[in-house]
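Trainee: the sequence and its predicted three-dimensional model are supplied below.
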Amino acid sequence: MTENIRNYKDIDLDFIAHPITGDINKKTGINAIVQSLKTLLFLNHYEKPFHPEIGSNIRKMLFENIDPVTANILAKEIKITVDNFEPRVSTQNVFVTENYDENGFDVTIEFIIKNTAEPIAVSFFLERLR
(Lines give C-alpha, C1' and ligand atoms only; values in the text may rest on other atoms or scores of the structure.)
Protein backbone atom coordinates (compact mmCIF):
# COMPACT_ATOMS: atom_id res chain seq x y z
CA MET A 1 0.00 0.00 0.00
CA THR A 2 1.39 3.39 -0.95
CA GLU A 3 0.86 6.44 1.17
CA ASN A 4 -0.45 9.67 -0.29
CA ILE A 5 2.02 12.22 1.07
CA ARG A 6 1.58 15.85 0.09
CA ASN A 7 4.49 18.22 -0.02
CA TYR A 8 3.37 21.26 1.98
CA LYS A 9 4.89 24.63 1.06
CA ASP A 10 4.84 28.03 2.71
CA ILE A 11 6.88 31.22 2.62
CA ASP A 12 9.57 31.67 5.24
CA LEU A 13 8.22 34.22 7.71
CA ASP A 14 11.76 35.42 8.46
CA PHE A 15 11.60 37.05 4.99
CA ILE A 16 15.24 36.30 4.25
CA ALA A 17 16.12 36.66 0.58
CA HIS A 18 17.49 33.66 -1.31
CA PRO A 19 21.21 34.37 -1.93
CA ILE A 20 21.07 33.61 -5.67
CA THR A 21 17.57 34.48 -6.87
CA GLY A 22 16.80 37.28 -4.41
CA ASP A 23 13.31 35.87 -3.85
CA ILE A 24 11.87 35.11 -0.42
CA ASN A 25 12.84 31.64 0.78
CA LYS A 26 10.18 28.97 1.15
CA LYS A 27 9.67 26.29 3.72
CA THR A 28 8.55 22.85 2.63
CA GLY A 29 7.31 19.65 4.24
CA ILE A 30 7.75 19.32 7.98
CA ASN A 31 9.31 22.79 8.31
CA ALA A 32 6.21 24.41 6.77
CA ILE A 33 3.93 22.61 9.22
CA VAL A 34 6.11 23.45 12.23
CA GLN A 35 6.12 27.13 11.21
CA SER A 36 2.34 27.00 10.83
CA LEU A 37 1.92 25.44 14.29
CA LYS A 38 4.07 28.08 15.99
CA THR A 39 2.27 30.89 14.16
CA LEU A 40 -1.10 29.47 15.16
CA LEU A 41 -0.12 29.06 18.81
CA PHE A 42 1.29 32.58 19.16
CA LEU A 43 -1.75 34.17 17.49
CA ASN A 44 -4.24 35.67 19.93
CA HIS A 45 -7.97 35.56 19.39
CA TYR A 46 -9.21 38.55 17.33
CA GLU A 47 -5.79 39.17 15.73
CA LYS A 48 -6.71 37.55 12.42
CA PRO A 49 -9.06 39.78 10.43
CA PHE A 50 -12.52 38.27 9.77
CA HIS A 51 -11.64 35.14 11.79
CA PRO A 52 -11.66 36.09 15.49
CA GLU A 53 -12.05 32.45 16.54
CA ILE A 54 -8.62 31.43 15.21
CA GLY A 55 -5.88 31.62 17.81
CA SER A 56 -5.13 30.58 21.37
CA ASN A 57 -4.99 32.01 24.89
CA ILE A 58 -1.37 31.08 25.41
CA ARG A 59 -0.05 34.63 25.79
CA LYS A 60 -2.67 35.40 28.41
CA MET A 61 -1.60 32.34 30.40
CA LEU A 62 2.04 33.47 30.49
CA PHE A 63 1.13 36.12 33.07
CA GLU A 64 -0.12 33.51 35.52
CA ASN A 65 2.05 31.93 38.21
CA ILE A 66 4.59 29.40 37.02
CA ASP A 67 3.28 26.21 38.56
CA PRO A 68 2.06 22.74 37.54
CA VAL A 69 -1.57 23.92 37.33
CA THR A 70 -0.73 26.60 34.76
CA ALA A 71 1.43 24.11 32.85
CA ASN A 72 -1.50 21.69 32.69
CA ILE A 73 -3.88 24.42 31.46
CA LEU A 74 -1.32 25.47 28.82
CA ALA A 75 -0.97 21.88 27.61
CA LYS A 76 -4.74 21.55 27.23
CA GLU A 77 -5.01 24.90 25.42
CA ILE A 78 -2.22 23.94 23.00
CA LYS A 79 -3.82 20.56 22.24
CA ILE A 80 -7.26 22.11 21.66
CA THR A 81 -5.85 24.82 19.39
CA VAL A 82 -3.82 22.42 17.26
CA ASP A 83 -6.68 19.91 17.00
CA ASN A 84 -9.19 22.60 16.01
CA PHE A 85 -7.18 24.71 13.58
CA GLU A 86 -4.43 22.54 12.04
CA PRO A 87 -6.10 19.82 9.97
CA ARG A 88 -2.82 18.46 8.56
CA VAL A 89 -1.65 16.96 11.86
CA SER A 90 -2.90 14.59 14.53
CA THR A 91 -1.70 15.57 18.00
CA GLN A 92 -0.31 12.69 20.06
CA ASN A 93 1.03 14.37 23.21
CA VAL A 94 1.66 17.85 24.56
CA PHE A 95 4.14 18.22 27.40
CA VAL A 96 4.49 21.51 29.26
CA THR A 97 6.93 21.75 32.15
CA GLU A 98 7.62 24.76 34.27
CA ASN A 99 11.11 26.24 34.05
CA TYR A 100 11.59 28.30 37.21
CA ASP A 101 15.18 29.32 36.43
CA GLU A 102 14.27 30.99 33.13
CA ASN A 103 10.80 32.13 34.23
CA GLY A 104 8.80 30.31 31.56
CA PHE A 105 7.60 26.97 30.26
CA ASP A 106 9.27 24.28 28.16
CA VAL A 107 6.80 22.93 25.59
CA THR A 108 7.06 19.76 23.50
CA ILE A 109 4.36 18.84 21.00
CA GLU A 110 4.35 15.33 19.54
CA PHE A 111 2.26 14.91 16.42
CA ILE A 112 1.89 12.86 13.27
CA ILE A 113 1.35 14.43 9.87
CA LYS A 114 -1.77 12.86 8.42
CA ASN A 115 -1.08 10.14 5.83
CA THR A 116 2.37 9.47 7.29
CA ALA A 117 3.53 7.11 9.99
CA GLU A 118 6.51 8.85 11.57
CA PRO A 119 5.93 10.89 14.74
CA ILE A 120 7.45 14.36 14.94
CA ALA A 121 8.32 16.33 18.08
CA VAL A 122 8.64 20.10 18.21
CA SER A 123 10.06 21.83 21.28
CA PHE A 124 10.13 25.51 22.16
CA PHE A 125 10.25 27.79 25.18
CA LEU A 126 7.38 30.04 26.24
CA GLU A 127 8.17 33.17 28.17
CA ARG A 128 6.61 36.49 28.86
CA LEU A 129 7.96 39.39 26.81
CA ARG A 130 9.84 41.90 28.89
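Mentor: Structure received. This structure is a prediction, so every number in the text was calculated from the model and none was measured.

Trainee: let me know the secondary structure of residue 102.
Mentor: Following DSSP: H, G, I helix; E, B strand; the rest coil, we place residue 102 in the coil state.

Trainee: residue 39: which element?
Mentor: helix 30-41 (DSSP states H and E).

Trainee: report the buried residues of that helix.
Mentor: When neighbours are counted by 16 or more other C-beta atoms under 10 Å, the buried residues of helix 30-41 are found to be 32, 33, 34, 35, 36, 37, 40, 41. Where C-beta positions appear, they are placed from N, C-alpha and C, glycine not excepted.

Trainee: and it, what does it pack onto?
Mentor: Packing partners of helix 30-41 (3 or more C-beta pairs under 8 Å, 6 or more residues apart in numbering; DSSP states H and E): strand 9-11, helix 68-85, strand 104-113, strand 119-127.

Trainee: quick one: low-confidence residue ranges for this structure.
Mentor: Counting by pLDDT under 70, the chain has low-confidence residues at 1-6, 130.

Trainee: how long is stretch 92-106 end to end?
Mentor: 17 Å (C-alpha to C-alpha, to the nearest Å).
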